[in-house]
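**Student:** how does the following fold in three dimensions:
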Amino acid sequence: MRRISTFFAALLLLAATVPGIAHAAALSSRTHLFYYPWYGNSGGTYRHWDQGGHTPPADIGANFYPSLGPYDSGDFPGAVEQHMRWIEQSGAGVIVYSWWGQGSYEDGLAAGVLEAAARHGIKVAWHLEPYSGRTASSTVADIGYLTSRYGASPAFYREGGRGAFYVFESLRTTDWTALDQVRSSAIVLAQTTDTSKVAHFGGMYTYDAIAGATAPGWRDASAYCDANGLVWAPSVGPGYNDDRAVPGNTTPTLGRDDGATYDREWQNALSSNADWVSVTSFNEWHEGSIIEPARSSPPSSAYETFAGAYGTSGAASETAYLDRTRYWAAQLGGPPPASVNLAQGKAVSASGSQGGFPPGNAVDGNASSYWESTNNAFPQTLTVDLGSAVTVGRVVLKLPPSWGSRTQAISVNGGAAAGYVFDPAGGNSVTITVPPTSQRYLKLTFTGNTGWPAGQASEVEAYAS
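**Tutor:** As a prediction, this is how the structure comes out:
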């Protein structure tokens with residue numbers, strides 16, 4: 001990392017030496033998720049879910065349907081608590097809270113979201129939206145207000161002692177000289193790649209997931225930030241579709257392509273030497289840019305699902321983009337945390353399989369489904385494509401917990417084969433420690449099985465250590 005590498009290294013050292021903060025240390029402070037607290041569901045009255053003339057709960061203004069249904073952003077013990085668990089799962093350490101001015105609906109919910117975030121080691125930055133009458137001077141006042149009102153929260157995000165404030169549609173205002181008043185206490189980011197528009201800002205971001213697919217202007221913006229001590233926070237997204245929320249719109253749709261779009265945008269961001277990567281979005285449902293889980297069986301065929309994302313299906317698809325975010329957040333913030341299963345949801349192939357027991361069953365997160373190779377034809381191989389070269393030091397193999405004991409002879413990536421006992425008393429799970437090496441493919445070779453004349457695996461998990 002360029003301009004804030006020393007600070008980030010200090011954070012890692014602190015996390016490693018101070019008791020009680022290891023929980024938060026696994027999260028990437030450089031990965032920021034745009035978070036929308038504007039939804040309502042109280043007494044049958046819905047807020048935002050009815051956009052585009054829809055009638056919740058079954059009919060909402062979004063092309064995907066939330067796993068939680070049309071929730072209330074003020075449901076702190078329910079929806080918000082679940083959001084924080086999911087954000088933790090994503091590996092992102094910061095949410096960028098959509099804020100519409102002092103006394104707004106979103107302002108009224110901020111304290112509750114900060115409390116929930118703090119319980120999960122998640123930090124909160126601020127997305128200053130273009131409310132009516134917003135000016136450079138009012139933005140300075142808003143930064144002072146937010147810092148004064150919420151700055152004591154342990155969830156209030158600071159980088160080098162300064163809070164972070166993203167200004168959406170910053171080009172609506174032409175003179176931002178007033179921001180000079182808060183340069184010492186706030187990092188204020190402009191939404192643009194036009195380097196002539198950021199004279200008084202502390203950084204740049206892009207927000208637009210459609211543009212992120214091709215990254216126009218990112219090379220110049222990154223170089224400018226590097227040369228001028230600014231934060232470069234390009235935005236990435238899994239796709240875009242607002243057809244149900246904005247009927248008759250002319251905005252292009254950006255297809256998810258089973259996750260390839262999201263991967264391409266992350267690759268663009270990393271290759272641009274990003275300081276932070278801002279993700280559009282955790283839950284902007286109207287624009288179909290969400291990584292928040294979408295129901296795999298929505299109320300009607302009018303809705304899309306995440307089926308097929310990274311080779312997943314069913315319940316595993318609902319969280320596929322959370323899991324992929326964790327993978328990319330680890331690439332951005334250093335080596336993957338030890339708790340991240342690098343194999344889940346990845347592409348997988350086998351030398352052979354029985355009908356009904358395909359190789360994808362071994363990485364779908366379901367211990368009851370399994371892959372089974374062709375019978376009586378050892379050796380058999382199962383190969384997981386981890387997506388890019390990552391360090392693997394530990395492999396965990398599982399069989400369905402209801403099965404009886406058996407021993408399989410297995411080698412990992414060409415190493416010596418050994419017999420591994422799968423015992424139901426131990427959860428039918430074995431752990432194989434391998435020399436930590438950077439590799440893209442995890443190849444298991446099965447040369448025998450005392451319980452069945454084929455190689456078998458219900459789950460293949462890979463970890464950094």
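**Student:** OK, contacts around the spatially most central residue of the chain?
**Tutor:** When the chain is reduced to its mean C-alpha position, the nearest residue by Cα atoms, centre = their mean turns out to be residue 325, at 3.0 Å. With contact taken as Cβ atoms under 8 Å, 6 or more residues apart in numbering, residue 325 is in contact with 31, 33, 90, 91, 92, 279, 291. Where C-beta positions appear, they are placed from N, C-alpha and C, glycine not excepted.
**Student:** ok, now residue 412?
**Tutor:** Applying Cβ under 8 Å, 6+ apart to residue 412 gives the contacts 395, 432, 434, 442, 443, 444.
**Student:** swap the cut-off to 6 Å and go again
**Tutor:** Residue 412 sits next to 395, 432, 434 when contact means Cβ atoms under 6 Å, 6 or more residues apart in numbering.
**Student:** for burial, what's the neighbour tally of the second one?
**Tutor:** If I follow you right, that is residue 432. 15 (other Cβ atoms under 10 Å).
**Student:** isn't it right up against residue 393?
**Tutor:** No - in this structure, residue 432 is not within contact of residue 393 by Cβ atoms under 6 Å, at 10.1 Å.
**Student:** burial of residue 217, as a residue count?
**Tutor:** Close neighbours of residue 217, defined as other Cβ under 10 Å, add up to 18.
**Student:** if I look at it, how far off is residue 204?
**Tutor:** Per Cβ to Cβ, to the nearest Å, residue 217 is found 10 Å from residue 204.
**Student:** in the strand ranked longest in the chain, what's buried?
**Tutor:** Criterion DSSP state E: the longest strand present in the chain is strand 429-449. Neighbour-count burial for strand 429-449 flags 429, 430, 439, 442, 444, 445, 446, 449 (criterion: 16 or more other Cβ atoms under 10 Å).
**Student:** ok, back up a step: just give me how far the helix or strand harbouring the residue nearest to the centre of the chain sits from the chain centre.
**Tutor:** Assessed by DSSP states H and E, residue 325 sits inside helix 320-333. How far helix 320-333 lies from its chain's middle: 5 Å, per Cα atoms, centre = their mean, to the nearest Å.
**Student:** and for stretch 119-137?
**Tutor:** 20 Å.
**Student:** between the two ends of that stretch, how far is it?
**Tutor:** Its first and final residues considered, stretch 119-137 spans 34 Å by Cα to Cα, to the nearest Å.
**Student:** go ahead and name everything in contact with that stretch.
**Tutor:** Outside stretch 119-137, the residues that reach it (Cβ under 6 Å, 6+ apart) are 23-24, 27, 84, 87-88, 93-101, 114, 117, 146, 155, 157, 164-169, 172-173, 176, 178.
**Student:** buried subset of these?
**Tutor:** 24, 27, 84, 87-88, 93-101, 114, 117, 146, 155, 157, 164-168, 173, 176, 178.
**Student:** of those residues, which belong to strands?
**Tutor:** Using DSSP E, the buried ones among the contacts of stretch 119-137 in strands are 93, 94, 95, 96, 97, 98, 99, 164, 165, 166, 167.
**Student:** in JSON lines: those, plus pLDDT and distance to residue 132.
**Tutor:** Shown next, in JSON lines, are these (pLDDT from 0 to 100; distance: Cβ to Cβ, whole Å):
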{"residue": "93", "pLDDT": "96", "distance to residue 132": "33"}
{"residue": "94", "pLDDT": "96", "distance to residue 132": "28"}
{"residue": "95", "pLDDT": "98", "distance to residue 132": "25"}
{"residue": "96", "pLDDT": "98", "distance to residue 132": "21"}
{"residue": "97", "pLDDT": "98", "distance to residue 132": "19"}
{"residue": "98", "pLDDT": "98", "distance to residue 132": "16"}
{"residue": "99", "pLDDT": "98", "distance to residue 132": "14"}
{"residue": "164", "pLDDT": "97", "distance to residue 132": "24"}
{"residue": "165", "pLDDT": "98", "distance to residue 132": "19"}
{"residue": "166", "pLDDT": "98", "distance to residue 132": "19"}
{"residue": "167", "pLDDT": "98", "distance to residue 132": "15"}
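**Student:** may I see the buried residues of strand 429-449 organised as CSV, with pLDDT and distance to residue 349 added?
**Tutor:** Output for the buried residues of strand 429-449, formatted as CSV (pLDDT from 0 to 100; distance: Cβ to Cβ, whole Å):
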residue, pLDDT, distance to residue 349
429, 94, 23
430, 96, 22
439, 87, 16
442, 96, 11
444, 97, 11
445, 97, 13
446, 97, 14
449, 97, 20
